[in-house]
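Give the three-dimensional model of this entry:
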Amino acid sequence: VNRINEDHQGNILIATQHGLYHYLAEKQQLSPWAANDEVQLFAQRDIRDVMVDDSGLLWLTTRYAGLIKIDMSSSSIQPFANYVVDNTDFAINRVYSGLNDKNNRLWLTSATGLLYKDPDDRVFSRYSLPEVIAGKNITAIAYKDQQLWLGGHFGLYSLHPQSGRVISQNHLLEKVKTKQ
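Prediction:
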């Protein structure tokens, strides 16, 4: 299990390396999730994260197949692998994690950095990261108090997107290590 989330109808969605599942409470079982009966679309995908934005769109990040957008109302599916970013060819086929911030901006962490898309934008933009974390493999992201928290093998950093200010939070990890 890579991630667990809830959609607007209260369904539990479970992202796994073997695909996307949903929990059927009345049957107390997991079932492969499908749109338009397309179970196979997700069966072989390493789904890293599952998110639902304010408009009800379902976003899946995958390790090797990019980003997948699903409109739950029409069950339409739109893959974003090798999608155009800032008018340059930019493969986003290795996406690790994502989130929607309080402004419904979609953020993605990938093997090639940090990407974002505002609600009305059609394309993703690359966030210009400060040198201290530029080019790092960012695998985890969270949003708290108008800051992005970014993590990976390089450690833990907080980023204020508006100012670009980055603060190392590795001292927090060191405190945890010394307590063990």
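
Where do the helices of the protein begin and end?
For the chain, the helices defined by DSSP state H occupy 39-43, 170-179.

can you tell me which of those the model trusts least?
Of all the helices of the chain, the minimum mean pLDDT falls on helix 39-43 (a mean of 53).

nearest residue to Ser128 other than its sequence neighbours?
Nearest non-adjacent residue to Ser128, counting by Cβ to Cβ, 6 or more residues apart in numbering: Gly164, 7.4 Å away. Backbone N, C-alpha and C define where each C-beta goes, glycine included.

Equivalent analysis for Thr109, please.
Ile138 (3.9 Å).

okay, now that neighbour: neighbour count?
26 (other Cβ atoms under 10 Å).

Could you measure from it over to Trp59?
Distance of Ile138 to Trp59, computed by Cβ to Cβ, to the nearest Å: 17 Å.

what bridges to the residue nearest to Thr109?
Gly152 (DSSP bridges).

Count residues in the vicinity of the residue nearest to Ser128, would you?
Based on other Cβ under 10 Å, the number of other residues close to Gly164 is 11.

Ala25 too?
Counted with other Cβ under 10 Å, Ala25 comes out at 10.

check contacts around it.
Residues in contact with Ala25 (Cβ atoms under 8 Å, 6 or more residues apart in numbering) are Ile12.

Roughly how far does it sit from Ser31?
In terms of Cβ to Cβ, Ala25 sits 11 Å off from Ser31.

and Gly56, how many neighbours does it have?
13.

In contact with it, which residues are there?
Counted by Cβ under 8 Å, 6+ apart, Gly56 has contacts Asp7, His8, Asp71, Met72, Ser73.

can you give me phi and psi for the second one?
Phi and psi for His8, reported as degrees, to the nearest 10, are phi -70, psi -20.

and what of the last one?
Note on Ser73: its backbone torsions stand at phi -70, psi -40 [degrees, to the nearest 10].

Tell me which residues touch it, please.
Ser73 sits in contact with Gly56, where contact means Cβ under 8 Å, 6+ apart.

How about the fourth one?
With contact set as Cβ under 8 Å, 6+ apart, Met72 has these partners: Asp7, Ala35, Gly56, Leu57, Leu58.

and the least confident of the residues you listed?
Ala35 (59).

What residues of stretch 138-151 count as buried?
For stretch 138-151, burial by neighbour count (16 or more other Cβ atoms under 10 Å) applies to Ile138, Thr139, Ile141, Tyr143, Gln147, Leu148, Trp149, Leu150, Gly151.
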